[in-house]
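Participant: please find the sequence and the predicted model below.
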Amino acid sequence: MVGVVVLAIIALGGAFAPVWWTGDPLEMRPIERLTSPVAGHWFGTDNFGRDVYTRTIYGTRVSLIVGATVSILGLLIGTTLGLVIGFYRRLDAVMMRVMDGLMAIPAILLALALMALMKTSVRNVIIALVIPEIPRVIRVVRASVLSLREHTMVEGARALGARTPRILMFYILPALAAPLIVQATYICASAILFEAYLSFLGAGTPPHIPSWGNIMAEGKTYVQLAFWIILFPGLFLALTVLAINLVGDGLRETLDVR
């Protein structure tokens with residue numbers, strides 16, 4: 001319950017950023033640079049005089065969009081491939097070796113390598129983060145399909161003349177709904193963290209688009225003079241990931257068939 005409330009507040013803050021007492025996240029006021037948190041600047045200002053509160057709230061949009069999009073695309077592609085791979089044994093033997101090879105590479109290194117081949121943008125960050133998540137979803141779906149394809153209901157559907165696409169869509173896929181919903185929350189949390197990593201390293205969202213990662217990256221040089229540039233985006237990042245994980249744990253307990 002706590003995770004849902006915290007996540008809802010953060011999501012609403014990002015969605016309605018222009019009306020949450022924020023200004024222009026790119027507006028520079030050099031005369032107010034490195035100002036500590038005060039009434040006019042709740043989270044202080046950065047080295048260009050930009051309001052850290054405004055940039056942090058706007059950064060919520062990028063993180064949640066990346067997390068949600070990576071989660072949805074990863075599930076759609078991974079579930080589709082997992083159903084097909086798990087149902088056809090000959091395809092399973094070949095494709096799972098490819099998936100094992102992808103999973104042998106740490107996700108953040110694979111994402112960094114992909115971003116090195118592309119320009120920094122939110123779209124490319126999403127692409128770079130979706131690819132490492134697909135093999136993990138495939139393994140979850142495949143494991144369930146392997147146990148379900150010999151189930152009595154599947155044999156009954158075959159006896160009634162149901163074709164393979166219908167069996168996958170109406171008999172096997174509904175049984176995977178619960179684990180996939182839980183998996184989606186973990187993918188979302190992981191994508192938000194990895195986006196922050198990439199942006200912090202300068203390989204994620206471009207500097208003119210505020211995100212928690214590049215806000216902290218710009219503030220690392222001034223951490224001894226203005227620690228608040230890193231503190232508040234870091235707190236938002238930690239709270240968001242914690243809230244999503246709490247929601248995932250709650251869903252896992254609620255949807256557990258046992």
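Facilitator: Here it is on my side, so go on.
Participant: just checking, L64 touches A11?
Facilitator: Yes: using CB atoms under 8 Å, L64 is in contact with A11, at 6.0 Å. The C-beta positions use only the backbone N, C-alpha and C, and glycine is treated the same way.
Participant: neighbour-wise, which of these two wins?
Facilitator: Higher neighbour count among L64 and A11: L64, with 21 against 16, using other CB atoms under 10 Å.
Participant: relative to L180, how far out is that one?
Facilitator: 20 Å (CB to CB, to the nearest Å).
Participant: what do you get for Y222?
Facilitator: 43 Å.
Participant: can you map out the helices along the chain?
Facilitator: Assignment of helices within the chain using DSSP state H yields the ranges 2-15, 52-87, 89-103, 107-116, 122-148, 152-159, 164-167, 177-200, 212-219, 228-255.
Participant: P37: which of these is closest?
Facilitator: Nearest of these to P37, taken as CB to CB: helix 228-255 at 5.7 Å.
Participant: got the angle for the closest one vs helix 177-200?
Facilitator: Angle of helix 228-255 versus helix 177-200, following axes from the mean of the first three to the mean of the last three CA atoms, to 10 degrees, is 170 degrees.
Participant: list the helices and strands helix 228-255 packs on?
Facilitator: Counting contacts by 3 or more CB pairs under 8 Å, 6 or more residues apart in numbering; DSSP states H and E, helix 228-255 packs against helix 2-15, helix 52-87, helix 177-200, helix 212-219.
Participant: list the buried residues in the longest one.
Facilitator: Put plainly, it is helix 52-87. By 16 or more other CB atoms under 10 Å, the buried positions in helix 52-87 come out as 52-71, 73-75, 77-87.
Participant: same question for the first one.
Facilitator: Using 16+ other CB under 10 Å as the burial criterion, the residues of helix 2-15 that qualify are 3, 6-7, 10-11, 13-14.
Participant: would a markdown table of these with pLDDT be doable?
Facilitator: Converted to a markdown table, the buried residues of helix 2-15 look like this (pLDDT from 0 to 100):
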| residue | pLDDT |
| --- | --- |
| G3 | 71 |
| V6 | 78 |
| L7 | 75 |
| I10 | 79 |
| A11 | 81 |
| G13 | 76 |
| G14 | 75 |
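Participant: using JSON lines, lay out these together with distance to H208.
Facilitator: JSON lines is the format used below for these (distance: CB to CB, whole Å):
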{"residue": "G3", "distance to H208": "32"}
{"residue": "V6", "distance to H208": "29"}
{"residue": "L7", "distance to H208": "27"}
{"residue": "I10", "distance to H208": "23"}
{"residue": "A11", "distance to H208": "23"}
{"residue": "G13", "distance to H208": "21"}
{"residue": "G14", "distance to H208": "18"}
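Participant: distance of G86 relative to I138?
Facilitator: 8 Å.
Participant: likewise L81?
Facilitator: 5 Å.
Participant: overlap in contacts of these two?
Facilitator: M95 (CB atoms under 8 Å, 6 or more residues apart in numbering).
Participant: enumerate every residue touching F87.
Facilitator: 145, 149, 164, 167-168, 172.
Participant: ranking by neighbours, what's the top pick from those residues?
Facilitator: Going by other CB under 10 Å, V145 tops the contacts of F87 with 23 neighbours.
Participant: per-residue pLDDT, the residue lying closest to it once chain neighbours are set aside?
Facilitator: Leaving aside its sequence neighbours, V145 sits nearest to G86 (CB to CB, 6 or more residues apart in numbering; 2.9 Å). Each residue has a pLDDT score; the one for G86 is 80.
Participant: pretty sure L201 sits against L112.
Facilitator: Yes: between L201 and L112 there is a contact under CB under 8 Å: 7.2 Å.
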